[in-house]
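>>> With the sequence up front, the predicted model follows.
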Amino acid sequence: MATAKKIPARSTVEREPDVEPMVRLRRTRVTQETTDRVKLFSKEYDDGEVVDFWIPKRRMASLALKYMKMVRTHGDDVAVGWALEKVLGTEAYEDLMEDEQLDEDELAQIFAIVQNAIMGATRDPKE
């Protein structure tokens with residue numbers, strides 16, 4: 001019985017010159033400075049201080065896959081909390097968690113935007 005040769009996840013396998021891959025994944029090293037972000041929400045306080053909270057502008061396909069796996073393995077509630085914290089960042093997530101004035105409508109709006117940022121990556125762009 002023959003055993004299959006296992007190729008490491010980050011192998012440097014050479015490809016044949018005539019054979020093109022079915023999908024070519026081009027990558028740029030992502031840093032905070034190169035990540036386009038959009039303002040998700042601002043909190044305005046009585047003393048005039050305004051704090052802005054930002055999320056990445058691009059659709060997050062890898063997070064969509066992680067989110068779907070988390071729903072399958074841990075359920076919706078855990079996956080939703082994970083997704084909010086992952087997209088918002090720990091600081092913003094904890095800020096919302098501690099905001100006793102946050103109401104259901106505001107949270108629903110924020111979650112809808114976060115969910116679209118994640119799951120929108122799985123939709124056909126022609127739709």
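The structure has been received and is ready for your questions.
>>> On the three-state scheme, the residue nearest to residue 92 when sequence neighbours are not counted is what?
In this structure, residue 92 finds its nearest non-sequential neighbour in residue 53, 4.5 Å apart by C-beta to C-beta, 6 or more residues apart in numbering. The way it works is simple: take the backbone N, C-alpha and C, and place the C-beta from them, glycine included. Following DSSP: H, G, I helix; E, B strand; the rest coil, residue 53 is assigned to strand.
>>> What is the burial count for residue 53?
The number of residues packed near residue 53 is 18, by other C-beta atoms under 10 Å.
>>> Next, the contact list for it, please.
Contacts for residue 53 (C-beta atoms under 8 Å, 6 or more residues apart in numbering) come out as 39-43, 88, 92, 95.
>>> Now pLDDT, distance to residue 79 and secondary structure too, for those, in JSON lines please.
Supplementary listing: those in JSON lines, determined by pLDDT from 0 to 100; distance: C-beta to C-beta, whole Å; DSSP: H, G, I helix; E, B strand; the rest coil:
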{"residue": "39", "pLDDT": "87", "distance to residue 79": "25", "secondary structure": "strand"}
{"residue": "40", "pLDDT": "86", "distance to residue 79": "19", "secondary structure": "strand"}
{"residue": "41", "pLDDT": "85", "distance to residue 79": "22", "secondary structure": "strand"}
{"residue": "42", "pLDDT": "87", "distance to residue 79": "27", "secondary structure": "strand"}
{"residue": "43", "pLDDT": "88", "distance to residue 79": "26", "secondary structure": "strand"}
{"residue": "88", "pLDDT": "88", "distance to residue 79": "15", "secondary structure": "helix"}
{"residue": "92", "pLDDT": "88", "distance to residue 79": "18", "secondary structure": "helix"}
{"residue": "95", "pLDDT": "88", "distance to residue 79": "21", "secondary structure": "helix"}
